[in-house]
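**Student:** need a structure here:
(chains A and B)
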Number of protein chains: 2
Amino acid sequence: MVNAAILGFGVVGSGVAEVLTGQGDGVRKKADELIALKYILDVRQFPDSPFASCFVQDFSVIEQDPEVGVVIETIGGVGAALDFTERALKAGKSVVTSNKELVATHGPRLLQLAAEHGAVYLFEASVGGGIPILRPLSDCMAANEILEICGILNGTANYIFTRMVQDGIPFDQALKGAQANGYAEQDPTADVEGQDTCRKLCILSSIAFGWHLRPDQVPTRGITRITLADEAYAAACDRRIKLLGRAIAQPDGKVCAYVEPHFVSLQDPLAGVEDVFNAITVKGNATGDVMFYGRGAGKLPTASAVVADVIAAARQLERASYRPWAPNRPECIASLDELDSQWYVRLAKGELEGERLTIPQAQPGESGWLTPAMTRPQLEAKLAGREVLAVIRVLD
Amino acid sequence: MVNAAILGFGVVGSGVAEVLTGQGDGVRKKADELIALKYILDVRQFPDSPFASCFVQDFSVIEQDPEVGVVIETIGGVGAALDFTERALKAGKSVVTSNKELVATHGPRLLQLAAEHGAVYLFEASVGGGIPILRPLSDCMAANEILEICGILNGTANYIFTRMVQDGIPFDQALKGAQANGYAEQDPTADVEGQDTCRKLCILSSIAFGWHLRPDQVPTRGITRITLADEAYAAACDRRIKLLGRAIAQPDGKVCAYVEPHFVSLQDPLAGVEDVFNAITVKGNATGDVMFYGRGAGKLPTASAVVADVIAAARQLERASYRPWAPNRPECIASLDELDSQWYVRLAKGELEGERLTIPQAQPGESGWLTPAMTRPQLEAKLAGREVLAVIRVLD
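**Tutor:** Sure, this is the predicted structure:
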């Protein structure tokens, strides 16, 4: 029997308790007979919870209990979550988390700590919610050289785009709808400015390429300036706008990683990913493109991914571990300024080299363009002095 | 160092040799420093192969060499492949395979043999080629109750449908094209009659539900009678025809498994899967629908999946194992006759209850229909005595 402790009884933490014990809506049986829930750490009291007897407020109770084999960190952020994760690993307890910010920022140190203390640090739920992606990327594609990762990694941003296109409502209204439906936080910054996508991309890239890519090294653009006119121009050339995180291996061994909205061809399976769904395409040198698709967030999907890691940690211990990440390699980061792409440009007036796009609702003088392939600095040189309303990269 | 032996130097076997050693087109480095290729068993001679020094013709050389830790069976079929697999496992060597017929038919016994001898039997490459699906289903979704598996599991059949729709050519011509392009065998029976899909479905179902489902227990229909008129009627109701393998958990705990062509709505991500691609949707009680997509066959994709299993077997030994499959449970197999579906029916003349579909190229008197939901026996009772040109199930 392996005893588990949950840190933080929020949406994911309470979902983990339900999936782990089989007590909850939509859960019909205990996930694994070998695992028992012993503690839940939260500053709040939950006297009416079916798990009331598990609650503690002092982490050292968990830290010092030799019966606890697995600690489940669902606090989020890099404050108490980091402190408790370090202390748990140092106490030889394996840690499972959905905390993408912590993994993206401090992953290598925590993986190293785990290895030093005979424990594992697992975080399948930190990317893609309930979609299996880190384990397949790490183990099942182990015989591949990874050439590119490209994904719709943030369900909130994708939901906003879907509502804009399907309901014809502008960004602000779509965001409000996402908040009203519980798909966006009251402070949606991390979702709409791309940081959430950036963190997940860093985790994917670190697993795929074996060295730690940090969020502050990844140029990141959000989606707050996308308008209905941009969506209409995308439709006019059989494309959809999607916020993508990409990490591309260059022939010289460097990795070009960035987060930006893109025009995506309707021929690409990523274009058909709607609402809060996520999809991650991995290109291997042997397998070609493989895509993983599903709900990227939500209480039960995320909780079930956490619990699968708890089962792996409890049953397999160090065998379940991800390979360690080498330290950050700034010399291996390719400049985004060197990446050639076609571009969509919306101009207030005048013309541009490339394919002209037309939409019935265009403002007088306004025009949309698809340029030939060039780098962003080359594009910016061409656009110098022009009244530019929008620039969006086109996925090739 | 772990020594490996490849049985059978055909398309997959030679691809495995290339990926394992890093010697071959499209492969730039050795898959894993820990693994060495020691033997290749084949009745033929390959004096000009870069692996010429590895060839042996007598399996007992491999069986009796204590240095061989992993045997890679790419012979196919259930003859010599079964004999050599049993002997390798009994000798304590782990076995990795892409042989779906052998796994679907004799999986439980071979998994059991492996467990008894401290070895593992792994077969990720037997379903979906290079798409990671068995390991994610077995491990990453371990906290889910699997409610349904539904997949496009045969690339040849899917390629034929794609050519029929995109090029407007009939089945026979599309099949000939598939053969000319190397996508179909000279004897395409297993692909177009559904047996290949059936075997893969049995493997998925056995992993998902934990007991062995046998191919002879799965009602299987192929695609040889699908016509361009059927494709046109499908398009007329915004659907595509796809050959699907489905295994559906019933509320009473039984499993309803079958292989049939289906009308699939364009809203369903499966409808957009074209050419030789495969896609497998897994519905978990917690994650909802998760989809895995990629090339379902081909030398290097399949070889890379085999080699990932070799790495897992070499590095992790028994920890990498699939959970054992319980014996076959005939009492848990739900009758397909009880499954309610809408149906597409093409009649030579007359009318039918339901939605009438029209296509410009319809023959005089001929008509297409979408019926209300009913079982196949109920449908057949309604159609008794009618001149029925086609019946295809509609995926709900």
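**Student:** residues making contact with stretch A:96-107?
**Tutor:** A:12, A:70-78, A:81-82, A:85, A:110, A:121-123, A:125-127, A:196, A:198-200, A:202-203, A:206, A:212, A:214-215, A:302, A:305-306, A:309-310, A:313, A:325 (Cβ atoms under 8 Å, 6 or more residues apart in numbering or on different chains). To be clear about C-beta, it is placed using only N, CA and C from the backbone, and glycine gets the same treatment.
**Student:** how about stretch A:350-363?
**Tutor:** A:229, A:232-233, A:235-237, A:342, A:344-345, A:348, A:367-372, A:382, A:386-387.
**Student:** take those and keep only those in helices.
**Tutor:** A:229, A:232, A:233, A:235, A:236, A:382 (DSSP state H).
**Student:** nearest to chain B, of the residues you listed?
**Tutor:** For those, the closest approach to chain B (Cβ to the nearest Cβ) belongs to residue A:235, at 16.9 Å.
**Student:** list the contacts for the closest one?
**Tutor:** Contacts of residue A:235 by Cβ under 8 Å, 6+ apart are A:165, A:359.
**Student:** residue A:228 versus that one, what's the distance?
**Tutor:** 10 Å (Cβ to Cβ, to the nearest Å).
**Student:** still on that earlier bit, buried only: go through the ones in helices among the contacts of stretch A:350-363 for me.
**Tutor:** A:229, A:232, A:233, A:236, A:382 (16 or more other Cβ atoms under 10 Å in any protein chain shown).
**Student:** ok, and of those, which contact chain B?
**Tutor:** Residues of these in contact with chain B (Cβ under 8 Å from any Cβ of the partner chain): none.
**Student:** farthest pair in those residues?
**Tutor:** The span of these, defined through Cβ to Cβ, is set by A:232 and A:382 at 23.3 Å.
**Student:** for the stretch 51-200 of chain A, what lies in contact range of chain B?
**Tutor:** So the stretch 51-200 of chain A meets chain B at A:124, A:129-132, A:135-136, A:139-145 (Cβ under 8 Å from any Cβ).
**Student:** can you give me the strands for the stretch 51-200 of chain A?
**Tutor:** All strands of the stretch 51-200 of chain A, identified by DSSP state E, counting those that start in this stretch, fall at A:55-56, A:68-73, A:94-97, A:121-122, A:146-152.
**Student:** now do the second one: distance to the chain's middle.
**Tutor:** Relative to its parent chain, strand A:68-73 has a centroid offset of 23 Å by Cα atoms, centre = their mean, to the nearest Å.
**Student:** I'd like the next helix or strand past the helix or strand containing residue A:243.
**Tutor:** Using DSSP states H and E, residue A:243 sits in strand A:239-249. Counting by DSSP H and E, the next helix or strand C-terminal to strand A:239-249 is strand A:255-265.
**Student:** any residue of that next one touching chain B?
**Tutor:** No. Using Cβ under 8 Å from any Cβ, strand A:255-265 stays clear of chain B, coming no nearer than 12.5 Å.
**Student:** show me what that strand is packed against.
**Tutor:** Packed against strand A:255-265, as judged by 3 or more Cβ pairs under 8 Å, 6 or more residues apart in numbering or on different chains; DSSP states H and E, are the following elements: helix A:195-209, strand A:239-249, strand A:388-394.
**Student:** please export the C-alpha coordinates of it as CSV.
**Tutor:** The C-alpha coordinates for strand A:255-265 follow below in CSV (Å, rounded to 0.1, in the frame of the first residue of the first chain):
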residue,chain,number,x,y,z
VAL,A,255,16.2,25.0,-31.5
CYS,A,256,14.0,27.9,-32.6
ALA,A,257,11.1,28.2,-30.1
TYR,A,258,8.4,30.8,-29.9
VAL,A,259,4.7,31.4,-29.2
GLU,A,260,2.6,33.4,-31.6
PRO,A,261,-0.8,33.4,-33.3
HIS,A,262,-0.6,31.9,-36.8
PHE,A,263,-2.7,31.6,-39.9
VAL,A,264,-3.2,27.8,-40.2
SER,A,265,-4.4,26.1,-43.4
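**Student:** per-residue confidence at residue A:325?
**Tutor:** What the model reports for residue A:325 is a pLDDT of 89.
**Student:** revised request: answer the last question for residue A:320.
**Tutor:** For residue A:320, the predicted pLDDT is 64.
**Student:** over to residue A:97?
**Tutor:** 97.
**Student:** also residue A:183?
**Tutor:** Taking residue A:183 on its own, its pLDDT is 86.
**Student:** quick one: neighbours of it, just the number.
**Tutor:** 22 (other Cβ atoms under 10 Å in any protein chain shown).
**Student:** now that it has come up, it's in contact with residue A:154, right?
**Tutor:** No. In this structure residue A:183 lies outside contact range of residue A:154 using Cβ atoms under 8 Å: 10.4 Å.
**Student:** which strands and helices lie in contact with the lowest-mean-pLDDT helix or strand in chain A?
**Tutor:** One helix or strand of chain A scores below all others by mean pLDDT, DSSP states H and E: helix A:299-316, with a mean of 90. For helix A:299-316, the packing partners by 3+ Cβ pairs under 8 Å, 6+ apart come out as strand A:2-7, helix A:11-21, strand A:35-41, strand A:68-73, strand A:94-97, strand A:121-122.
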